[in-house]
Every structure is written in C-alpha cells, then in structure tokens.
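J.: Need the 3D shape of this:
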Amino acid sequence: MGVIIALMIHVFWILHLLYSLIYVEPSLTDPVFYFHILLQGYLYTGLFITSHDAMHGNVSRKGVINSMTGRLSSFLFAGLSYKKLLKNHEAHHRNPGQDNDPDFYNKSQNFFVWFFVFMKRYTTIAQLIIMALLFNVWKIWFSEAAIFSYWVIPAFLGTLQLFYFGTYIPHKFPHTSRMKPHNARTQKKNHIWGMLTCYFFGYHFEHHESLRTPWWQMYKLK
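T.: Below is the predicted model:
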C-alpha cells in the first residue's frame, strides 16, 4: 500500500503540473489560477512527506524501493539531496528540539528568522544548479510566467507548509512537560484539518512516538 500511495502522489503531482502549465493561463484576476497554485503546492508537500516516509522505511519493506522512492521524491520536490535529508532527519529524531537538532533554532523563535536558518541549512549549490538547469529546460516548452506560477511558487509554498506545520509549531518554545521526551506538541484531533495542514504530521508527538507508522495511518494514533 505504501508503494501505491507514493506512486499516486507522484502521478498526481506530475499530471497536475503539466495540466496547469498547458491549460491554465496565469491571470492575477482569475480565482482558478490561485486554486491551481495552491493545489500544486499541496502536492509538493505530499512529495516531501513521501520522501520522509521513505526515510523511516515506511514506503516498502524493501530498502532499495524505499531509497529509490525517497531519492525521486526529494529530487522532484526541489532537487534536494536525499542523503543530506536523511542524515539531518536522523539527527533530528535523536535530539528533537535541542541545540544539536538541525531542524531547530534555539537562538530565535521568530518564525522568519528560524525559517531563514532552516533554508540556509538545507539549500546547497548543487540544488540551485539543478533547479536553474531544469528551469531553462522547462522554458523550451512553457512560458516563464507559467513555470514560476506552477513550478517555482508551489515548491516554496510547500516548503512553508512543511516548515510551519511540521517543524515550527510542533517544536517551538515553550517546551512543556506534556511534550517530553520528544519536545513535540500535537494538533487537536481533527482528521480533515490534520490532512489539509500537513498530511497528518501536525500529529507530531504521535509521529515521534511511532516512527514506523506511515503518514496515511497516522490518524489512527491520535
């Protein structure tokens, strides 16, 4: 089931991206234009969640399939290095919400400062080169306005969604006794909101408690 769900997210991501690039004319006065940007951003979030599931071995029992799925999902998201993501994510789970947690920033809890540091830690030169090359390949067939609207902006929106609901809200100060031992809080029980916000990863304490539960089963732990 994990493999099927991962494939579905990949297929929906590429089909909607191509549909938007071909058929949805960028127009600041058209509500449909914004709908497709938001939908593509949500599918970007799904790509990263799929990569995250692979990091925990939750896509398939076969390690090769997990690795392939994680690498593909990370690459499609924004040319990310799956190897670096995996290394940092393992460190995050060893020391969540602490000084040596690469996803945490204890010097400032300001959302924008923390997000800037977060992006700086994960952005690489290789990633920027990959994205620049892909952008110029897309330009062979599509307008720059369409590429920015349905490929660049949604990737940024997906990153914001993942950071806010999957890192900032769950792990920010204050750390109360109810958040121990993971320094992680959780959303209130509302499965529709849980799915819309971050594919159930707002149920973040539950994730830290059960790393081998895939995202699409997370609601059962709430």
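
J.: Which secondary structure elements does the biggest helix by length in the chain sit against?
T.: Using DSSP state H, we find that the single longest helix of the chain is helix 31-55. Packing partners of helix 31-55 (3 or more C-beta pairs under 8 Å, 6 or more residues apart in numbering; DSSP states H and E): helix 2-23, helix 63-78, helix 82-94, helix 153-163, helix 191-198. Using the backbone N, CA and C atoms, a C-beta is placed for each residue, glycine as well.

J.: try 7 Å this time
T.: Packed against helix 31-55 by the contact rule (3 or more C-beta pairs under 7 Å, 6 or more residues apart in numbering; DSSP states H and E) you find helix 2-23, helix 63-78, helix 82-94, helix 153-163.

J.: Please report the distance of the residue nearest in space to the middle of the chain from residue 96.
T.: The C-alpha lying nearest the average C-alpha coordinate of the chain belongs to residue 48 (C-alpha atoms, centre = their mean; 3.6 Å). As for residue 48, its distance to residue 96 is 18 Å (criterion: C-beta to C-beta, to the nearest Å).

J.: How about residue 70?
T.: 20 Å.

J.: And the two? Which one has more around it.
T.: Per other C-beta atoms under 10 Å, whichever of residue 70 and residue 96 has more neighbours is residue 70, with 25 against 20.

J.: what residues are up against the more buried one?
T.: Residue 70 sits next to 51, 54-55, 82 when contact means C-beta atoms under 7 Å, 6 or more residues apart in numbering.

J.: Counting neighbours, which of these comes out on top?
T.: The most crowded member of the contacts of residue 70, judged by other C-beta under 10 Å, is residue 54 (27 neighbours).

J.: correct me, but residue 97 touches residue 171?
T.: Yes. Using C-beta atoms under 7 Å, residue 97 is in contact with residue 171, at 4.5 Å.

J.: okay, and the common contacts of these two?
T.: Residues touching both residue 97 and residue 171 (C-beta under 7 Å, 6+ apart) are 104, 183-184.

J.: Against residue 120, how distant is the closest residue to residue 131 other than its chain neighbours?
T.: Spatial nearest neighbour of residue 131, chain neighbours left out: residue 79 (5.1 Å); criterion: C-beta to C-beta, 6 or more residues apart in numbering. Applying C-beta to C-beta, the value for residue 79 to residue 120 is 16 Å.
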